[in-house]
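>>> missing the sequence, but the structure's below:
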């Protein structure tokens, strides 16, 4: 007899997301179930294969019977849940959050190497952001080109910490981390030394591939040329996990 | 050890003091120290002179009326006066005169009447020893009945009995959220046996709040006792006190208290000769307000960057290093020993229907009696401000009182008669918070108040989630423009919209409550905003 596909002690629950009746394993999060069933949920920090972060708040959903919004990436499914992922209110909040991101740093798509392949740009289109109503912060940030293969442009960073997590959890190097507070936060390599001088960086490039914007890119790319490939991540993550 | 053994010990410690005829208590908590109480204490010791042996000068904790510091109280044995005599604004030069005064004829010039409402209207449970015992003395704490709660719990009660008493007491978390303490403890207790932790949150960061500091500086053993009882009830053997490094005096006194309690066998392995073990360690905060949020606090203890994480899982299920963790505020733990000692029913008889016991408040701002007070839940704000606090100085009119720090809101004159408890404050758009009360008079601009708190949240945001990180920056910019009479109606509309988004989508309590000062000032003082807008658009 073949072994059951799931672990024997994990139960299956049924829930309703946007009027669709779905089943899910008890240990799954809402965003995983949505992705599985092709229900679009915007997110910047969540990535299949990395730990949950819950920082971008774009994946917030409404749960019937609860006033508070829940982040789909950090909420486990439960029997009988009734979830709404795309109400007018949520759309409005998501647009505002994306506007806030655009205004925080200098996301000027027309001169960005990731133009056309950028998750932030794509989300803005999907969520219908056509204006930024809040004032831009207009704060110039440095660019670190000291690494021979890659470049870090803080002006494009959305602080999703995918680079921090992939480096720590998958590559095992923990070259990246975050320093500072509030809007002054910056991702750093080692103890805030230039990337090219890092003793721990293995130059594997995983951080570049998982970065949703043009903050981490390959050297020598021009406008629109930086195309990223994240397919390796779930496969690697599962192999690491299985071991 | 049984209660009788402890009572014997206490009697022994009291007997050591029997020869002392005159006890001079000098407040050595942070606020009196900053107005020079250590010099006063030295002068009093000198003035005591050869009277030593029958006269004792003792450093004690906060006496409450911080605005009148340094405070000194003198208790004479066999005196016609019932209570000790309290002196205010004492300088070292006053020492000989004070020491020379005989019982029954105090120095009227310096006297601070203790029958005034500031003292008479208070009901002290958490602060019962504060101002009487020497915070650095283990014997002093035991002599007034300290550790009786812990010994009673360990020798006469099962963990379930303790949980029942705490649940019966109706105590709710004093850190601000008001979560039922008994429920929190039971949840941790019900988790499978294994490594569990107890954490005391002493990262008091609200502007204008100093309740926890005063408790730690005045009566540190009480907090340790509360933690030990909690650890016994939930099955933990290790505790952490997370205290901010800006409270050096509190840290020092806690360290002394832990050392002395350990030496006496009241902490460490085999507490009070039972099978129960409990170790306590101090961890210092590095100046981040957000580390008062429980998940960020635990990350900080683990040595990680102090950032909150999404809940659930709650700390009761998966806390410090993934283990079930009980985390309570200083004042909550300070309430535990009396509850176990006197019983939950006694505690539940104080306060209101849904908020039991007393609450310590720190009165600050434009109020005559600034300092620390403890009143039963349900006391009206008007009583607190006008009667206990003595009203507004300089003949100015009252405008608003801010409670709950950067997470709370402002309450105008019209609502002053509401009883102070968790639920009624919430209906007014503010919250109990940890107990800071900042009183404002007619000269304060409410737009400035909102801007100040928004700036606080902006600089204290950890930067993890977008709404808090960039939303507070944007809201601060809009408030700044409005305060400078450069804002427009569109700015105000945008501000209100951002308030809604930040409140609804932020990851932790800091962001979710950051808009509260703006929302509450808009609710009660909208005209002040609009007045500034009109000027901008002229």
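Yep, it's here. On a predicted model such as this, the values are computed, not experimentally measured, just so you know.
>>> For chain B, name the helix or strand with the lowest mean pLDDT.
Sorted by mean pLDDT, DSSP states H and E, the helices and strands of chain B end with helix B:95-100, the least confident at a mean of 86.
>>> Pull out the buried residues from that one.
Using 16 or more other C-beta atoms under 10 Å in any protein chain shown as the test for burial, helix B:95-100 gives B:95, B:98, B:99. The C-beta positions use only the backbone N, C-alpha and C, and glycine is treated the same way.
>>> hey, where'd the strands end up in the chain?
Looking at chain A here, since you left the chain open. A:12-17, A:20-25, A:60-63, A:70-71, A:82-84, A:143-144, A:150-153, A:176-179, A:186-189, A:216-218 (DSSP state E).
>>> The intended chain is chain B.
Using DSSP E, strands in chain B cover B:22-27, B:55-60, B:72-76, B:85-87, B:197-202, B:238-244, B:279-285, B:325-329, B:358-365, B:371-376, B:398-403, B:409-412, B:436-441.
>>> Given the longest one, what are its sheet partners and their directions?
Paired with strand B:358-365 in the same sheet, following DSSP bridges, are strand B:371-376 (antiparallel), strand B:436-441 (parallel).
>>> Columns mean pLDDT on top of those strands, output as a markdown table?
Shown next, in a markdown table, are the strands paired with strand B:358-365 (pLDDT from 0 to 100):
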| stretch | mean pLDDT |
| --- | --- |
| strand B:371-376 | 94 |
| strand B:436-441 | 94 |
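>>> Export these as CSV, with columns for mean neighbour count.
Output for these, formatted as CSV (neighbours: other C-beta atoms under 10 Å in any protein chain shown):
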stretch, mean neighbour count
strand B:371-376, 23
strand B:436-441, 23
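>>> how far out from the middle of the chain is stretch B:366-374?
14 Å (C-alpha atoms, centre = their mean, to the nearest Å).
>>> Determine how far the last residue of it lies from the first.
19 Å (C-alpha to C-alpha, to the nearest Å).
>>> which residues sit against it?
When contacts are defined by C-beta atoms under 8 Å, 6 or more residues apart in numbering or on different chains, stretch B:366-374 is touched by residues B:31, B:62, B:64-68, B:118, B:122-127, B:210-211, B:214, B:358-364, B:384-385, B:388-393, B:396, B:439-441, B:444.
>>> Tell me which of those fall in helices.
Among these, the residues falling in helices (DSSP state H) are B:31, B:118, B:211, B:214.
>>> Please tell me which one of these counts the most neighbours.
residue B:214 (29 neighbours; other C-beta atoms under 10 Å in any protein chain shown).
>>> on that earlier part again, nearest to chain A, of the buried residues of helix B:95-100?
Nearest to chain A among the buried residues of helix B:95-100, counting by C-beta to the nearest C-beta, is residue B:95 at 47.0 Å.
>>> Does the closest one touch residue B:41 like I think?
No. Applying C-beta atoms under 8 Å, one finds residue B:95 not in contact with residue B:41, separated by 9.1 Å.
>>> Can you add mean pLDDT and mean neighbour count and give the strands of chain A back as TSV?
Formatted as TSV, those follow (pLDDT from 0 to 100; neighbours: other C-beta atoms under 10 Å in any protein chain shown):
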stretch	mean pLDDT	mean neighbour count
strand A:12-17	95	16
strand A:20-25	95	15
strand A:60-63	96	21
strand A:70-71	96	22
strand A:82-84	96	17
strand A:143-144	96	16
strand A:150-153	96	22
strand A:176-179	96	18
strand A:186-189	96	22
strand A:216-218	96	22
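>>> Including distance to residue A:241, could these go into CSV?
Shown next, in CSV, are the strands of chain A (distance: least, C-beta to C-beta, whole Å):
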stretch, distance to residue A:241
strand A:12-17, 21
strand A:20-25, 15
strand A:60-63, 26
strand A:70-71, 22
strand A:82-84, 27
strand A:143-144, 32
strand A:150-153, 27
strand A:176-179, 21
strand A:186-189, 25
strand A:216-218, 24
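>>> Residue A:234: which of these is closest?
When the strands of chain A are compared by C-beta to C-beta, strand A:20-25 sits nearest residue A:234, at 16.3 Å.
>>> Show me the strands paired with the closest one, marking each as parallel or antiparallel.
When pairing is defined by DSSP bridges, strand A:20-25 lines up against strand A:12-17 (antiparallel).
>>> what pLDDT does the spatially closest residue to residue B:63 that is not a sequence neighbour get?
Counting by C-beta to C-beta, 6 or more residues apart in numbering or on different chains, residue B:131 is the residue found nearest to residue B:63 once chain neighbours are left out, at 3.9 Å. Per-residue confidence (pLDDT) for residue B:131: 91.
>>> Next, name the residue at the spatial heart of the chain.
Using chain A. residue A:45 (2.2 Å; C-alpha atoms, centre = their mean).
>>> um, chain B though
residue B:211 (2.6 Å).
>>> My guess is that one contacts residue B:434. True?
Yes. Applying C-beta under 8 Å, one finds residue B:211 in contact with residue B:434, separated by 6.4 Å.
>>> where do the contact lists of those two overlap?
By C-beta under 8 Å, 6+ apart, residue B:211 and residue B:434 have these common neighbours: B:204, B:331.
>>> which residues touch the closest residue to residue A:57 other than its chain neighbours?
Nearest residue to residue A:57, sequence neighbours excluded (C-beta to C-beta, 6+ apart): residue B:505, at 4.4 Å. Residues near residue B:505 by C-beta under 8 Å, 6+ apart: A:57, A:60, A:69, A:93, A:97, B:465, B:467.
>>> Report the contact partners of residue A:142.
Contact analysis of residue A:142 by C-beta under 8 Å, 6+ apart lists residue A:154.
>>> Chain B versus that one, what's the distance?
17 Å (C-beta to the nearest C-beta, to the nearest Å).
>>> ditto for residue A:212
13 Å.
>>> Quick check: that residue vs residue A:157, distance?
Residue A:212 sits 10 Å away from residue A:157, going by C-beta to C-beta, to the nearest Å.
>>> Please identify which of those two sits among more neighbours.
When neighbours are counted by other C-beta under 10 Å, residue A:212 and residue A:157 differ, and residue A:212 comes out ahead with 27 against 23.
>>> Buried residues, stretch B:88-95. List them.
B:88, B:90, B:92, B:94, B:95.
>>> Repeat that for stretch B:357-371.
B:357-371.
>>> do the same with stretch B:419-429
By neighbour count with 16+ other C-beta under 10 Å, stretch B:419-429 contains the buried residues B:419, B:420, B:421, B:422, B:424, B:425, B:428, B:429.
>>> can you tell me which helix in the chain is longest?
No chain specified, so I'll use chain A. Longest helix in chain A, counting by DSSP H: helix A:88-104.
>>> You answered for a different chain; I wanted chain B.
In chain B, taking DSSP H as the definition, the longest helix is helix B:516-537.
>>> need the contacts of residue B:505 in TSV with distance to residue B:307, can you?
Formatted as TSV, those follow (distance: C-beta to C-beta, whole Å):
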residue	distance to residue B:307
A:57	14
A:60	19
A:69	20
A:93	22
A:97	18
B:465	9
B:467	15
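>>> Could you point out which of those is nearest to residue A:195?
Checking the contacts of residue B:505 against residue A:195 with C-beta to C-beta, the nearest one is residue B:465 at 25.8 Å.
>>> where does the closest one land on pLDDT?
pLDDT recorded at residue B:465 is 95.
>>> what's the answer for residue A:3, then?
The predicted local confidence for residue A:3 is 41.
>>> what do you get for residue B:381?
Looking at residue B:381, its pLDDT is 94.
>>> ditto for residue B:84
pLDDT, residue B:84: 82.
>>> For it, which non-adjacent residue is spatially closest?
That would be residue B:75: by C-beta to C-beta, 6+ apart, it lies 3.9 Å from residue B:84.
>>> is the one you found in a bridge, and if so with what?
Counting by DSSP bridges, the residues bridging with residue B:75 are residue B:23.
>>> Run through the residues that contact residue A:195.
A:144, A:146, A:147, A:150, A:152, A:189, A:201.
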